[in-house]
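*Asks:* got a predicted model here, sequence first, then my questions.
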There are 4 protein chains.
Amino acid sequence: MNNQEVNGKMELHIKGLIAAPYAPFKEDGSLNLPIIDLYVDHLVDEGVFSVFVNGSTGEGVSMNVEERKKVAEKWVEAGRNKLTAVIVHVGAHSIQDVKELARHAATIGATAIAAMPTTFFKPSTEVRVASYLAEIASSAPTLPLYYYHINALTGVNISVERLFEVIDNEVNVPTFRGVKFTSPDLLDYGRCIAYGKYDVMYGLDEQLLPALSLGAETFVGSTYNYAGKLYNGIIEDYNNGDMVAARQGQFKSHAFIKVLLKHTRTGVDFCSITKALMVLCGVDVGPARTPMNNMSKGQILQLKHDLQEVGFFEWK
Amino acid sequence: MNNQEVNGKMELHIKGLIAAPYAPFKEDGSLNLPIIDLYVDHLVDEGVFSVFVNGSTGEGVSMNVEERKKVAEKWVEAGRNKLTAVIVHVGAHSIQDVKELARHAATIGATAIAAMPTTFFKPSTEVRVASYLAEIASSAPTLPLYYYHINALTGVNISVERLFEVIDNEVNVPTFRGVKFTSPDLLDYGRCIAYGKYDVMYGLDEQLLPALSLGAETFVGSTYNYAGKLYNGIIEDYNNGDMVAARQGQFKSHAFIKVLLKHTRTGVDFCSITKALMVLCGVDVGPARTPMNNMSKGQILQLKHDLQEVGFFEWK
Amino acid sequence: MNNQEVNGKMELHIKGLIAAPYAPFKEDGSLNLPIIDLYVDHLVDEGVFSVFVNGSTGEGVSMNVEERKKVAEKWVEAGRNKLTAVIVHVGAHSIQDVKELARHAATIGATAIAAMPTTFFKPSTEVRVASYLAEIASSAPTLPLYYYHINALTGVNISVERLFEVIDNEVNVPTFRGVKFTSPDLLDYGRCIAYGKYDVMYGLDEQLLPALSLGAETFVGSTYNYAGKLYNGIIEDYNNGDMVAARQGQFKSHAFIKVLLKHTRTGVDFCSITKALMVLCGVDVGPARTPMNNMSKGQILQLKHDLQEVGFFEWK
Amino acid sequence: MNNQEVNGKMELHIKGLIAAPYAPFKEDGSLNLPIIDLYVDHLVDEGVFSVFVNGSTGEGVSMNVEERKKVAEKWVEAGRNKLTAVIVHVGAHSIQDVKELARHAATIGATAIAAMPTTFFKPSTEVRVASYLAEIASSAPTLPLYYYHINALTGVNISVERLFEVIDNEVNVPTFRGVKFTSPDLLDYGRCIAYGKYDVMYGLDEQLLPALSLGAETFVGSTYNYAGKLYNGIIEDYNNGDMVAARQGQFKSHAFIKVLLKHTRTGVDFCSITKALMVLCGVDVGPARTPMNNMSKGQILQLKHDLQEVGFFEWK
């Protein structure tokens, strides 16, 4: 993996698409680890070589600590010699669980760890988030650490640029490497890019091209699980200076995401809808776990039909 | 304890004040279980004979599963022959953890269990909350189960009256006994009281008297930890028909709660401020755990001074 | 009217129910002033002797300045010798309009004026709200002025207790007499009552009894338009110390308000539903104006049926 | 002006930057119309040839109807032979006022009108917004009409793409020409661009480049009042395929906007801070009107200093 210590400082440069894989469940809700081998091959086939495991798409917090460890281990093992980076998300309600997961990630050879803030009791300022990250870092002093900024879901509405400043000037977080930035606030995002020092992986697939225009180089998302080729095409078009083609690619992404969002109006969770889509794409990740609900067979047929109508299965 | 099976149906009638005890931590953040013996005696002295353990005041989700079990066990043990009811909160991110905590509560002889909904992924309708409760109930089929409604913190904005209807007509939750209702929505609250069938424990200490006026009989809160006598006085005045005295009691409660809220403007969490107050009242529950911060010694002195000024130490 | 100057200070003590009357429109949306004569008699018959004109129930901001003046004038004229108080709401986007409406209210002999804060650009602190009120007061130096606190609709989330303190210590508002307090925050409400100096009219009809328990004496609301007898009964029961009867009255209020809220799920505005109810009760206030929509005839029949089912037409 | 009727259909193609001018006030808060002549020349000098008058930057709703008419008239008159388009915002609380302003805009020769939805009572669906627009359109049947989508301020959270569909299929709005889209939701924005039929002017200056990447051609904003050259440079770089230079331009925009936002932490409104900046740039638009507050002289000096430090006065 591309993690190297240069002059005593960890260097990690992941570029391109990082998939946030789905949690692998059997119909009865128990873990289905073996499918991860297939999952890795599927991603490689999509042109996606890195993963962000046990995050929000991965239903990380819906599993208990033992399950999360098993899933992380399996991704590291199955990804050996096939994937570039396996980032393990360790965020949880209890700092005890977070530290245990961080230590575990180090022992299994994960590339890096990431953590969202606690979401019931919330660290409300940049200083408090930095202190929280410092506590995590102390449990895995050799692993690069990323902050997972997804404020619409966590309710922790901090400025990431300010977090960088706090970490550089007030609260030392030795392993801090950057952020998974999942927010439409491209002012703060642009400031983070201009800051220069840290990785600022962008987390809204429907805004990949706008983020590219501001200098984004790394992208973490759920739709990269099944539409990696489409997004790799956008990046390639952009790099070739063909903005019209890049835009057409992003519009295709918009078209199928709109279909997915339309289906949420039936009361099914977005994650569950896209797990059904993942099954349609050949990787049987199973249903979403409580408290999420799942699509009926009829709804899945309708989903397939609606996606065909916008051309999804041709682009991907 | 007052839990009895009548004609095959669990009956549980807790009346009056239920304290939501603080998590007992040492300065280093580890558990300090022995102080719970003293804590029980303190509550009895305040006229409070029931507890709601490991809830939001109790920093339940900030502990890991093992810690939560130890705290619950200790409360059951220390409360034997002294407390009327020990309700154990089992809500967590992962349904696996929730079920394990529910099973454990049954084995240690807890009076009842309660659960808030999951708060990162959220069950968004009454039917989904009921299904979630049914899953929990199946793990502890002999224990009365309460829903913990605290929508401002969970973001699960359901109607509790409608939840009752769903449970009675659509989704069977055999052990369901009612709700800890922590919301200022007294329309929904009144409807729940008028519904008649379930316990509707009220959760906003600053509105105990308004809730009494609508027929509330049970109250769960954090300020009952250190001001039980004051609130028992309000209930007594109300029952004697002396509304003027009852109101004066509630206004005293407002006065010291305003002091506590004023101190949150310094950036310290409400829970941490009241843990400091609990220490001032003689029960050393220690600091709040990450992600919460804590008061400095100077801030605690100021808190004590401000509370003295409004007469807090005379009323309680 | 009961407005008297004592030692150079305006005194105004309105007690009991104050209706927030509906805007009187014809089917074509133009003003229907003559029905206000009938409206006054209807209110007197309900036992309601004061009105709060052109507020949110009265669609004040949906009319232009000339229309608002005409409605206010008509209420003062029709209410002469029949009503105790006609409070005119003068809140608007533009301070120029607000001042013009305030001056006009003084010339027509209104009892008092009230103003919500501006709601697009918002005064965000107590000091700024007080300064805003001072500007209004200067345009009508002889009229008592009330602040209209309805933060869920205005987004101006200030503490009313703190507003009182600011007005008494920092920003002079000579004619300030109190507040129409439309919020479920009974901590702030209790503090305002305990403050003692100002009128604190309560604005949530579904919480009249809880407010009574804290010492409320004046109530402004929309359901007093058609259920004044029911609420007067609650007040009477409360004053007689019969809390059980008072509670039953409030539960009746809850029952029909739940019916009204249920109908909002069809996508019709609450105000429009209750205007339809007002027509059913014999006062043809017409439809709600743009941007609000209105019920179909079929929906109105259903509403009548649902209200009959909960007994509404028997209580009122 | 570039408004032409082709086959009975109004055509209007504004390209490039549109400034949202500040309301021109004297120190005493009254209108200062003469400065608009200077203002036009200033904009032309910045390379900005169109204006969006009386919107949110223009404090439209803080003026009364007469004042709004005078400001609109003056912009049309002063802009003759100098500006390409004068779009007049006519949104207000009362539909009577809106219609009057729309009629007036037609009589004075405005290029187009725009309207935000009502913001106290809110049209909550796309169909209701479309109906509202239809009502406005009927008052000015010859003027192109734009919807002003600024949902963070209005609270009307509709999908603009869906609004287009409703207008094309359900609710006829003959003069509808598009939208001023002020939201970071670039999924909805991209869908509107892909829709093809309507103008979709982008309204977040700090995201001009991301919007460009999705095909935006028209931009309405407040910072174009004083930094038109900078933004025109970004557009030029983008059109030349020089993404690195375009990005550097956007980062400069971020830098000075961050300075402006930092100053809001002193409690002064963003609009007031930028009015002070406008004065520094040579156009004395005066203070912001109630309910907004204004900077002190010391604060203005600090603002100037902070802007100098990031290089603002060199770029613009």
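*Replies:* In hand now; what should we look at? Numbers count the residues shown, from 1 in each chain, chains lettered A, B, ... in the order given.
*Asks:* report the buried residues of stretch A:188-204.
*Replies:* Of the residues in stretch A:188-204, A:188-194, A:198-204 count as buried by neighbour count, 16 or more other Cβ atoms under 10 Å in any protein chain shown. All C-beta spots, glycine's among them, are computed from the backbone N, C-alpha and C.
*Asks:* my guess is residue A:306 contacts residue A:262, does it?
*Replies:* Yes - with contact defined as Cβ atoms under 8 Å, residue A:306 counts as touching residue A:262 (7.2 Å).
*Asks:* tell me which of these two has more neighbours.
*Replies:* Higher neighbour count among residue A:306 and residue A:262: residue A:306, with 16 against 13, using other Cβ atoms under 10 Å in any protein chain shown.
*Asks:* now do the phi/psi pair for the more buried one.
*Replies:* Per-residue torsions, residue A:306: phi -60, psi -40 (degrees, to the nearest 10).
*Asks:* tell me where chain A is predicted with low confidence.
*Replies:* A:1-12 (pLDDT under 70).
*Asks:* where along it do the helices fall?
*Replies:* Using DSSP state H, the helices assigned to chain A run over residues A:35-46, A:65-79, A:95-108, A:126-137, A:151-154, A:160-169, A:186-195, A:208-213, A:228-239, A:243-264, A:270-280, A:297-309, A:312-315.
*Asks:* to chain D, which of these lies closest?
*Replies:* Closest to chain D of the helices of chain A, according to Cβ to the nearest Cβ: helix A:208-213, at 3.2 Å.
*Asks:* gap between the closest one and the chain center?
*Replies:* Relative to the centre of its chain, helix A:208-213 is centred 17 Å away, using Cα atoms, centre = their mean, to the nearest Å.
*Asks:* can you check stretch A:301-308 too?
*Replies:* Averaged C-alpha coordinates place stretch A:301-308 at 25 Å from its chain's average position (Cα atoms, centre = their mean).
*Asks:* right, is that stretch up against chain D?
*Replies:* No - against chain D, stretch A:301-308 shows no contacts by Cβ under 8 Å from any Cβ of the partner chain, the least distance being 15.4 Å.
*Asks:* ok, and for that stretch, which residues are buried?
*Replies:* Buried residues in stretch A:301-308 (16+ other Cβ under 10 Å): A:302-303, A:306-307.
*Asks:* please name the residues that touch residue A:48.
*Replies:* Residues in contact with residue A:48 (Cβ atoms under 8 Å, 6 or more residues apart in numbering or on different chains) are A:16-19, A:224-225, A:228.
*Asks:* would you mind listing what in the stretch 101-250 of chain A touches chain D?
*Replies:* So the stretch 101-250 of chain A meets chain D at A:161, A:184-187, A:190-191, A:193-194, A:206-207, A:209-215, A:241, A:243, A:246-247, A:250 (Cβ under 8 Å from any Cβ).
*Asks:* please pick the buried ones from those.
*Replies:* A:161, A:184-187, A:190-191, A:193-194, A:206-207, A:209-215, A:243, A:246-247, A:250.
*Asks:* gap between residue A:204 and residue B:122?
*Replies:* Distance, residue A:204 to residue B:122, using Cβ to Cβ, to the nearest Å: 20 Å.
*Asks:* for the closest residue to residue A:40 other than its chain neighbours, give me its contacts.
*Replies:* Using Cβ to Cβ, 6 or more residues apart in numbering or on different chains and skipping the chain neighbours, the partner closest in space to residue A:40 is residue A:78 (4.7 Å). By Cβ under 8 Å, 6+ apart, the residues touching residue A:78 are A:36-37, A:39-40.
*Asks:* out of these, which are buried?
*Replies:* Taking 16+ other Cβ under 10 Å as the criterion, what is buried in the contacts of residue A:78 is A:36, A:39-40.
*Asks:* which of those sits closest to residue C:106?
*Replies:* residue A:39 (75.0 Å; Cβ to Cβ).
*Asks:* hmm, that closest one is touching residue A:24, no?
*Replies:* Yes - counting by Cβ under 8 Å, residue A:24 is a contact partner of residue A:39 at 7.2 Å.
*Asks:* show me whatever sits in contact with both of those two.
*Replies:* If you check residue A:39 and residue A:24 against Cβ under 8 Å, 6+ apart, the residues they both contact are residue A:285.
*Asks:* got the buried residues of stretch A:301-308 as JSON lines, with distance to residue D:277 columns?
*Replies:* Listed next are the buried residues of stretch A:301-308 as JSON lines, based on distance: Cβ to Cβ, whole Å:
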{"residue": "A:302", "distance to residue D:277": "53"}
{"residue": "A:303", "distance to residue D:277": "51"}
{"residue": "A:306", "distance to residue D:277": "49"}
{"residue": "A:307", "distance to residue D:277": "49"}
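*Asks:* so what's the backbone phi/psi at residue A:111?
*Replies:* With angles defined as degrees, to the nearest 10, residue A:111 sits at phi -70, psi -40.
*Asks:* look up which residues are beta-bridged to the residue lying closest to it once chain neighbours are set aside.
*Replies:* In space, and not counting its chain neighbours, residue A:111 is closest to residue A:85: 4.1 Å by Cβ to Cβ, 6+ apart. Under the criterion DSSP bridges, residue A:85 forms beta bridges with residue A:50.
*Asks:* so how far is residue A:177 from residue A:85?
*Replies:* Distance from residue A:85 to residue A:177, by Cβ to Cβ: 11 Å.
*Asks:* how long is stretch A:100-120 end to end?
*Replies:* Taking Cα to Cα, to the nearest Å, stretch A:100-120 runs 20 Å from one end to the other.
*Asks:* what comes into contact with stretch A:216-226?
*Replies:* Residues from elsewhere that reach stretch A:216-226, judged by Cβ under 8 Å, 6+ apart: A:14-22, A:43, A:46, A:48, A:52, A:55, A:57, A:180, A:182, A:189, A:193, A:199-205, A:208, A:211, A:231, A:253, A:256-257, A:271, A:274, A:277-278, A:281, A:283, A:316.
*Asks:* 6 Å instead, please
*Replies:* For stretch A:216-226, contacts defined as Cβ atoms under 6 Å, 6 or more residues apart in numbering or on different chains pick out A:14-15, A:17-20, A:48, A:52, A:57, A:180, A:201-203, A:205, A:208, A:231, A:274, A:278, A:281.
*Asks:* check stretch A:256-273 too.
*Replies:* Residues from elsewhere that reach stretch A:256-273, judged by Cβ under 6 Å, 6+ apart: A:206, A:288, A:292-295, A:303, A:306-307, A:310, A:312.
*Asks:* redo that, cut-off 7 Å
*Replies:* Stretch A:256-273 is contacted by residues A:57, A:59, A:206, A:223, A:274, A:287-288, A:292-295, A:299, A:303, A:306-307, A:310, A:312, D:187, D:191 when judged by Cβ atoms under 7 Å, 6 or more residues apart in numbering or on different chains.
*Asks:* same deal with stretch A:204-211?
*Replies:* Contacts to stretch A:204-211, defined as Cβ under 7 Å, 6+ apart, come from residues A:182, A:184, A:186, A:189, A:202, A:219, A:221, A:223-224, A:231, A:234, A:238, A:246-247, A:250, A:253-254, A:257, D:186-187, D:210, D:213-214.
*Asks:* do stretch A:283-295 as well
*Replies:* Contacts of stretch A:283-295 (Cβ under 7 Å, 6+ apart): A:22-27, A:29, A:32, A:35, A:38-39, A:42, A:59, A:62, A:268-269, A:271-273, A:275-276, A:278-279, A:303, B:95, B:117-118, B:121-123, B:128, B:132, B:135.
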